[in-house]
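Visitor: What follows is a predicted structure for the sequence shown.
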There are 4 protein chains.
Amino acid sequence: MDAEKRDAVTSIRVRYAECDPMQVAHHSTYLIWFEAGRADLCRLRGIDYTAMERSGLFLPVVEARCRYVASAHYDELLVLTTTIVEIKRRTVRFGYRLVREAQLVAEGETYQMLVDAKGRPTAFPADLYDRFQP
Amino acid sequence: MDAEKRDAVTSIRVRYAECDPMQVAHHSTYLIWFEAGRADLCRLRGIDYTAMERSGLFLPVVEARCRYVASAHYDELLVLTTTIVEIKRRTVRFGYRLVREAQLVAEGETYQMLVDAKGRPTAFPADLYDRFQP
Amino acid sequence: MDAEKRDAVTSIRVRYAECDPMQVAHHSTYLIWFEAGRADLCRLRGIDYTAMERSGLFLPVVEARCRYVASAHYDELLVLTTTIVEIKRRTVRFGYRLVREAQLVAEGETYQMLVDAKGRPTAFPADLYDRFQP
Amino acid sequence: MDAEKRDAVTSIRVRYAECDPMQVAHHSTYLIWFEAGRADLCRLRGIDYTAMERSGLFLPVVEARCRYVASAHYDELLVLTTTIVEIKRRTVRFGYRLVREAQLVAEGETYQMLVDAKGRPTAFPADLYDRFQP
């Protein structure tokens, strides 16, 4: 397999501020962790997201979903795997699996669209399209 | 229509901390707003969620999804409508519509399960079941 | 007293996601509430912060402190009073008092500096300087 | 120097959700990072904070301050050093220094009080008192 086509594996230490009165990580936090996973995936595949934004290309989330399977608690060390499910001309779909040791904690997906600085949908430049291959 | 079966309408003022470098409200924030909508829905229907938790009943989110249709910006005033889509013996499904004036900003859904203090699925007591009717 | 020189009074409903495993609002959240108070203060005094940023003037926090006197809990309704403590040529100091009914919950201060788009300290334009008078 | 009396050094990767429309990490986030630093300091000194809470001892923040010296940007890797400034019978003061390579980004302090499950100030047990020595 091509070195650039790997999945990202991100360690997540659950922070106290991320937990709620139920003593578990708040469900909104998972979307922030997924985003940290995407950052690692970009880094791994040689995509400089900051430079992308500076050049006027943005990748907002147009749809997100998450299924919460088991609770995550303060100070636990989780492992997040981020993959690319599908890339099309102007959209990309990321998948996420969050585990604690052998146990699935959550799985989710985000659907994102490439847009320019004015928010107009834009086709991926060839280089980016290639780097985002599943 | 029964007074207790109404939808909740919540005003949301977009906070600076909720916005990201794209100058729009971060997509994880919507789940927090949806939760504020549920709090208003409970209040409206005479459900004291704090008392529920004190009595050992919790309503964690087991699935969430959101479709982001238009961006929300700092200091804008949004209106969130929270409804109950469906209630079953041990689960409830909430729906959300977030608008800025006539424009749809986002719509989403959470699927939640009643559990006891040990996290075991539990049937809604009759009074709660009634108050959560769509 | 001049209508534009008033303090801002902001209602804060404590959100579930803002609370932590100690069952109280997390201490970082207070800084976000203080910022909501500043937004209301600006609105009250006819300062359009979004327009300020668009014109290349920013007001980052260079120092913040908060003293936590009593806990705030989920769904409580707090009242935040935001005042201007002092304005100088390029800096402004805001003060905050957060109460629940008669009880003081927290008090704090932020010290902020006017900067241009490159982050260089800048003197307040006369109109802004006037509107930010204590 | 005793192995248990070391400072904690924590790597912080700036997340997208932590940044605001000024394109920098939001000032409230620093308090969350400081807390992650405290978690590492506890771990390093053999203090199990989760077990502490389970045994009915809590360490809420009663005062926090932060001085923001330079901006932190998305995806930057920061290094946070957490130290114990002072411990007294019922209170402990932590210090924080956040740097990006040689540059100071922020420094701050939190003042925390040991309390029991009812929120009453409590003296540190001898073992904890020893482990929290500066």
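Guide: In hand now; what should we look at?
Visitor: Would you mind listing what in chain A touches chain D?
Guide: Taking CB under 8 Å from any CB of the partner chain, the part of chain A that reaches chain D is made up of A:13, A:15-17, A:31-32, A:35-36, A:39, A:43, A:49-50, A:73-75. Yep, even glycine has a C-beta here, placed from its N, CA and C like the rest.
Visitor: ok, and of the residues you listed, which contact chain B?
Guide: Among the residues of chain A next to chain D, the residues lying close to chain B (CB under 8 Å from any CB) are A:Leu31, A:Ile32, A:Glu35.
Visitor: Identify, from those, the entry nearest to chain B.
Guide: Distance ranking of these against chain B, using CB to the nearest CB, places A:Leu31 first at 3.9 Å.
Visitor: quick one on the thing from earlier: taking the ones next to chain B among the residues of chain A next to chain D one by one, which sit in helices?
Guide: Assignment to helices by DSSP state H places the following of those there: A:Leu31, A:Ile32, A:Glu35.
Visitor: how long is stretch A:57-70 end to end?
Guide: Its first and final residues considered, stretch A:57-70 spans 36 Å by CA to CA, to the nearest Å.
Visitor: hmm, that stretch in reach of chain B?
Guide: Yes - applying CB under 8 Å from any CB, one finds stretch A:57-70 touching chain B at A:Phe58, A:Pro60, A:Val61, A:Val62, A:Glu63, A:Ala64, A:Arg65, A:Cys66, A:Arg67, A:Tyr68.
Visitor: List of residues touching the helix or strand that contains A:Cys66?
Guide: Secondary-structure element containing A:Cys66, defined by DSSP states H and E: strand A:61-68. Surrounding strand A:61-68, the residues in contact under the criterion CB atoms under 8 Å, 6 or more residues apart in numbering or on different chains are A:27, A:30-31, A:34, A:91, A:96, A:105-113, B:27, B:60-68.
Visitor: what's next to the helix or strand just after it, contact-wise?
Guide: Read in the C-terminal direction, the helix or strand following strand A:61-68 is strand A:77-87, with elements assigned using DSSP H and E. Residues lying outside strand A:77-87 but in contact with it, judged by CB under 8 Å, 6+ apart, are A:7-14, A:33-34, A:36-38, A:40-41, A:72, A:92-100, A:105, A:109, A:124, A:129, A:132-134.
Visitor: chain center to strand A:77-87: distance?
Guide: Using CA atoms, centre = their mean, to the nearest Å, we find the averaged C-alpha position of strand A:77-87 to lie 6 Å away from the chain's own average C-alpha position.
Visitor: what element comes up after that strand heading to the C-terminus?
Guide: Following strand A:77-87 in sequence order, the next helix or strand is strand A:91-100 (DSSP H and E).
Visitor: The closest residue in space to A:Leu31 that isn't next to it in sequence: neighbouring residues, count only.
Guide: Spatially, and ignoring its direct neighbours in sequence, A:Leu31 is nearest to B:Ser28 (3.9 Å; CB to CB, 6 or more residues apart in numbering or on different chains). Residues within reach of B:Ser28, counting by other CB atoms under 10 Å in any protein chain shown, total 25.
Visitor: Then A:Val92?
Guide: Taking other CB under 10 Å as the definition, A:Val92 ends up with a neighbour count of 22.
Visitor: Output the lowest mean pLDDT helix or strand found in chain A.
Guide: helix A:49-54 (a mean of 94; mean pLDDT, DSSP states H and E).
Visitor: can you tell me if it touches chain C.
Guide: No - figure legend: helix A:49-54 not in contact with chain C (CB under 8 Å from any CB); closest approach 14.3 Å.
Visitor: now for that helix, which elements pack on it?
Guide: Helices and strands in packing contact with helix A:49-54 are not found; criterion 3 or more CB pairs under 8 Å, 6 or more residues apart in numbering or on different chains; DSSP states H and E.
Visitor: from the residues of stretch A:57-70 next to chain B, which single one is nearest D:Arg54?
Guide: Nearest to D:Arg54 out of the residues of stretch A:57-70 next to chain B is A:Tyr68 (CB to CB; 23.4 Å).
Visitor: just to revisit the earlier point, rebuild the residues of stretch A:57-70 next to chain B as JSON lines, extending it with neighbour count.
Guide: JSON lines is the format used below for these (neighbours: other CB atoms under 10 Å in any protein chain shown):
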{"residue": "A:Phe58", "neighbour count": "18"}
{"residue": "A:Pro60", "neighbour count": "16"}
{"residue": "A:Val61", "neighbour count": "21"}
{"residue": "A:Val62", "neighbour count": "18"}
{"residue": "A:Glu63", "neighbour count": "19"}
{"residue": "A:Ala64", "neighbour count": "26"}
{"residue": "A:Arg65", "neighbour count": "17"}
{"residue": "A:Cys66", "neighbour count": "26"}
{"residue": "A:Arg67", "neighbour count": "16"}
{"residue": "A:Tyr68", "neighbour count": "23"}
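Visitor: Now render these as TSV, adding pLDDT.
Guide: TSV is the format used below for the residues of stretch A:57-70 next to chain B (pLDDT from 0 to 100):
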residue	pLDDT
A:Phe58	97
A:Pro60	97
A:Val61	98
A:Val62	98
A:Glu63	98
A:Ala64	98
A:Arg65	98
A:Cys66	98
A:Arg67	98
A:Tyr68	98
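Visitor: Quick check: the farthest pair among these?
Guide: Between all members of the residues of stretch A:57-70 next to chain B, the longest pairwise span (CB to CB) is found for A:Phe58 and A:Tyr68 and amounts to 28.1 Å.
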